[in-house]
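In: mind folding the following:
(3 chains)
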Amino acid sequence: TQLLGKRKDMLRLEGATAILFAVFVRYNRETDAALWHWGNHSNADNEFYFRYPSFQDVHAMIFVGFGFLMVFLQRYGFSSVGFTFLLAAFALQWSTLIQGFFHSFCGGYILVGMESMINADFSAAAVLISFGAILGKTGPVQLLLMALLEVVLFGLNEFVLLSLLEVKDAGGSMTIHTFGAYFGLILSRVLYRPHLEKSKHRQGSTYHSDLFAMIGEASRGVVDEETEADEGTIFLWIFWPSFNSAPTALGDGQHRTALNTYYSLAASTLSTFALSALVGGDGRLDMVHVQNAALAGGVVVGTSAEMMLTPFGALAAGFLAGAISTLGLESVFPLIAEGQRSATSQAMHQLFALFVTLTFASVGGGLGAFPLVPSTLEGSP
Amino acid sequence: TQLLGKRKDMLRLEGATAILFAVFVRYNRETDAALWHWGNHSNADNEFYFRYPSFQDVHAMIFVGFGFLMVFLQRYGFSSVGFTFLLAAFALQWSTLIQGFFHSFCGGYILVGMESMINADFSAAAVLISFGAILGKTGPVQLLLMALLEVVLFGLNEFVLLSLLEVKDAGGSMTIHTFGAYFGLILSRVLYRPHLEKSKHRQGSTYHSDLFAMIGEASRGVVDEETEADEGTIFLWIFWPSFNSAPTALGDGQHRTALNTYYSLAASTLSTFALSALVGGDGRLDMVHVQNAALAGGVVVGTSAEMMLTPFGALAAGFLAGAISTLGLESVFPLIAEGQRSATSQAMHQLFALFVTLTFASVGGGLGAFPLVPSTLEGSP
Amino acid sequence: TQLLGKRKDMLRLEGATAILFAVFVRYNRETDAALWHWGNHSNADNEFYFRYPSFQDVHAMIFVGFGFLMVFLQRYGFSSVGFTFLLAAFALQWSTLIQGFFHSFCGGYILVGMESMINADFSAAAVLISFGAILGKTGPVQLLLMALLEVVLFGLNEFVLLSLLEVKDAGGSMTIHTFGAYFGLILSRVLYRPHLEKSKHRQGSTYHSDLFAMIGEASRGVVDEETEADEGTIFLWIFWPSFNSAPTALGDGQHRTALNTYYSLAASTLSTFALSALVGGDGRLDMVHVQNAALAGGVVVGTSAEMMLTPFGALAAGFLAGAISTLGLESVFPLIAEGQRSATSQAMHQLFALFVTLTFASVGGGLGAFPLVPSTLEGSP
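Out: Take a look at the predicted model:
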């Protein structure tokens, strides 16, 4: 009967989503047979050709990258790849609705096309990042509830940042990575405080408080515990230029974003290897470097990659990000923020955006814990 | 000497193919240096830029997806990845000729370009689907003979359906998946009836008779027996939007096809998980859900994804396909067909197309068994 | 302290690279916000849309393909995937500078964009090919020094061949594969002559001297020793059409290059399987066939794929390349060269280019050994 209850919950969730789709979601001009052919559009001008290759890279990155990062965590007795798919498949539908209301609501309808597919995948990425923090600690229905809540707050946060504050955040450093990591961390802390002594090796994370540590923590929570997630990591590293450039303005902006991310990743790989105490040590551990480099180098330019960073600026940003995430020097952090402040005139703006993100994520993560608490205390596997 | 015979057979096959290429195959306008530059074509207008990204996704899906689905079947003592490459490499050459005669034969020549590459890959996909049903039961030369016959019937079936009956089948639900699955099943039954008691766990499949069961069966034959084919499955799931949209008309049609497939896959993942009795069970099995969801959600909109399904229609189709393929409810099937009939005006047409496909596939599969029987009875590994 | 020295070396290297970037490297017109919008360029005309999908394929091929070919070599006690990333990440930055000086130096600045990203990845590929020959025999800093030297010679060789001699080498058969393989071989021989008796199974390679043997050797050095590198191989095979077509002229040339490579790979797969004594043998070994086929079929048309080879020509070239690399018949080689000579009028030119490549590679490989000798003799792991 418990199983039956789970099934019914999932079916209700999907049913409600489908009904909302029926009421609200429509093809946008670029995907609608009538609207597109009304007017003088060449088929070759369809946005599909400018965004679809990037979308598929993001799609592969999210499902292979995040999926495989979790595949080896099955020692928890949970089937993490399956859950990755379940969560992501739900999150992308649900965020089509939520993001649609905020970004492409027009005449009572949500209009969908290539951009909504990319945004839905991004939203799924944030959910999977949070998933990493509570992996193996709760069941599928609880995870879907987490996704339900997180996607709403994700959409709200993104709307406040991108539309109201007009923050630039091309690669979603703030809206995706910071939000997802922090949401997961808060959720995990509220949920597992009583059990903390059981998992001592996670305790260290409690004492970090800055941005890079948080992101690193969330990822380390996933990666430290197993060192075979090589493949997932490689996909993240390879497709990060697409991840950052997929949603930017067409033309030179998108071109520049891919280029900046490419150099930033390369430099953060070098600094990560150079500064890690593990260089020259045993072989299996060093994908953690690549993992850190990927996160640090990709995330650091996520917000700024579309700007005229210069190739040197991208290299320097990646180098510093790799160094900071490897050394974990909180003391270095203010300096860097200082550096960024003079480099980009938007820094104050960004810091405020960060504050907003953290507020949404922590309130949401704390709130999200309540529905999940009972099932966790029951001692789910 | 037997080995020598095999070598000679392969060389003859490749030699004959090469001679036919020399006589018949030419570059089409878009790949020919003289023809393309004759006239006022911008290089940026070349079809390459509109189809190549989709082609590469299909290519990765077929070789990684199908290749890895079979990689873990090596307990049969056969090297299935190697065979996958051998078969696919032959099928794509041979189908360039066969499909060329039917679709791009012009002035005595077969003209090849991006579209023929996509179609050749599709043909290889059908051969690999059939391969799944007889995997480990016959040798490389027999497999090449199977491909030789199947590609011809595939081309003929496709020609009858797409050119004569003018059926819409963008993602090849009928021409690729149903044809390939049914061809393999018939071939496998004719070949292995005497040995049936040896593989009791396959017997269940004999009693199913509807479309979804067949497709599911063929895939389950591949997947049930091993649960580590995760990676292959993930590639199928990720790249299915490209698979369905690669051969469609440029513009909004291609855009819509990718979008519909995306939503259909997401919904079928949810319904598959919700309805499977295995949810909450042990971890390793649940990639079979994703596998089923991928097949069901991708295949169900294959035929119709280019149409104005609406986002809700895509979601509903995926949901039902996932449910049906999971529950295996033959009783539900007529209802669904009913639903589709009213939803799309072409249903009767499609049913007739299905009949044609099954006829070609079963006659071909039965026929194809004869050359393979001797080698099988000899007790090949 | 030794570890500290290594760290400092890496940081110095990255620091020097960053300074050179600051002084010399600038966005090119297509990635620069001001230059692009000055004039009447449609955003859709940006080179990004014509080259980025190909670039991402090449990127995936180099990092997944080469990375995974080496992942199973970890028995050397070295972490080869990590080293792959470290090397490639450095090589792509460094070659941005070197290739920039030779190819896009304009008004005192190196202008970077999509083409420089593709070329930098190619340069990284050559370094990784050489890496295969000395894998597990030296430390990370020595590898970075090798990359430092190899990238310079790579750029010089490429400049002499492509700009001075105006050789056509679309897929980099000569500049990438032959150069990388030969550089690695010479380096490995100079370094390890004293230790030769320790690794008898490599000795056979000393007696080969022709082009195909060399390339095959370098790859076999990587592959023979382990047969689980399936995935890397599959990525090489799948993305080779992108590898060959990424840097060609836009339009029909790029289209034709992808098509020719596609057919050449298919035919070389057939001939490799047909001619290999391993067909019908045990299962695990046969990815070596696919590996050989990928190398042979992709490399053989690398130089000529952009030309009007005809589909039959591509098929025949692939077939012969697969046959030669499988049989290792040096005696056949002159005949083939003869055949190519009459087929393409550029053969003498190409042979001279080959001579130049071999000179650069062997002088460089021999020279490169000196800085590495001490550390090797010390008996590094």
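In: how close does residue A:100 get to residue A:129?
Out: 22 Å (CB to CB, to the nearest Å). (C-beta placed from N, C-alpha, C; glycine too.)
In: and residue A:324, by the same measure?
Out: As defined by CB to CB, residue A:324 lies at a distance of 19 Å from residue A:129.
In: same deal with residue A:268?
Out: Distance from residue A:268 to residue A:129, by CB to CB: 18 Å.
In: what about those two, which has more around it?
Out: Comparing residue A:268 with residue A:129 by neighbour count (other CB atoms under 10 Å in any protein chain shown), the higher total belongs to residue A:268, at 35 against 25.
In: helix, strand, or coil at residue A:40?
Out: Following DSSP: H, G, I helix; E, B strand; the rest coil, residue A:40 is assigned to coil.
In: report the contact partners of the closest residue to chain C within chain A.
Out: In chain A, the residue that lies nearest chain C is residue A:251 (3.0 Å; CB to the nearest CB). With contact set as CB atoms under 8 Å, 6 or more residues apart in numbering or on different chains, residue A:251 has these partners: C:36, C:41, C:43-44, C:46, C:48.
In: try 10 Å this time
Out: Going by CB atoms under 10 Å, 6 or more residues apart in numbering or on different chains, residue A:251 touches A:50, C:30-31, C:33, C:36-37, C:41-46, C:48-49.
In: try residue A:25
Out: A:17-18, A:93, A:96-97, A:100, A:104, A:109-112, A:116, B:263, B:310-312, B:314-315.
In: so what does the closest residue to it other than its chain neighbours have for phi and psi?
Out: Spatially, and ignoring its direct neighbours in sequence, residue A:25 is nearest to residue B:311 (4.3 Å; CB to CB, 6 or more residues apart in numbering or on different chains). Dihedral pair for residue B:311: phi -60, psi -40, per degrees, to the nearest 10.
In: would you mind confirming that residue B:311 makes contact with residue B:301?
Out: No. Using CB atoms under 10 Å, residue B:311 is not in contact with residue B:301; the gap is 11.6 Å.
In: SS state for the residue nearest to residue A:169 when sequence neighbours are not counted?
Out: Computed as CB to CB, 6+ apart, the closest residue to residue A:169 that is not its neighbour in sequence is residue A:303, at 5.0 Å. Following three-state DSSP, residue A:303 is assigned to coil.
In: residue A:303 contacts residue A:248, correct?
Out: No. In this structure, residue A:303 is not within contact of residue A:248 by CB under 10 Å, at 11.7 Å.
In: how about residue A:110, secondary structure?
Out: Per three-state DSSP, residue A:110 ends up strand.
In: and the gap between it and residue A:121?
Out: 16 Å.
In: on that earlier part again, count the residues that sit near the residue nearest to residue A:25.
Out: Neighbours of residue B:311 (other CB under 10 Å): 28.
In: ok, the one 4 residues further on next?
Out: The tally of other residues near residue B:315 (other CB under 10 Å) stands at 29.
In: host element of the closest residue to it other than its chain neighbours?
Out: Nearest residue to residue B:315 in three dimensions, chain neighbours excluded: residue B:267, at 4.4 Å (CB to CB, 6+ apart). Element membership of residue B:267 [criterion: DSSP states H and E] is helix B:252-275.
In: okay, and the common contacts of residue B:311 and residue B:301?
Out: With CB under 10 Å, 6+ apart, residue B:311 and residue B:301 have common neighbours B:260, B:262-264.
In: from those, list just the buried residues.
Out: Burial by neighbour count, judged by 16 or more other CB atoms under 10 Å in any protein chain shown, picks out B:260, B:262-264 from the shared contacts of residue B:311 and residue B:301.
In: roughly how far apart are the residue nearest to residue B:315 and residue A:322?
Out: Distance from residue B:267 to residue A:322, by CB to CB: 40 Å.
In: do residue A:237 as well
Out: Residue A:237 is 12 Å from residue A:322, where distance means CB to CB.
In: report the inter-axis angle for the helix or strand that contains residue A:236 versus helix C:230-245.
Out: Element membership of residue A:236, judged by DSSP H and E, is helix A:230-245. Calculated by axes from the mean of the first three to the mean of the last three CA atoms, to 10 degrees, helix A:230-245 forms an angle of 30 degrees with helix C:230-245.
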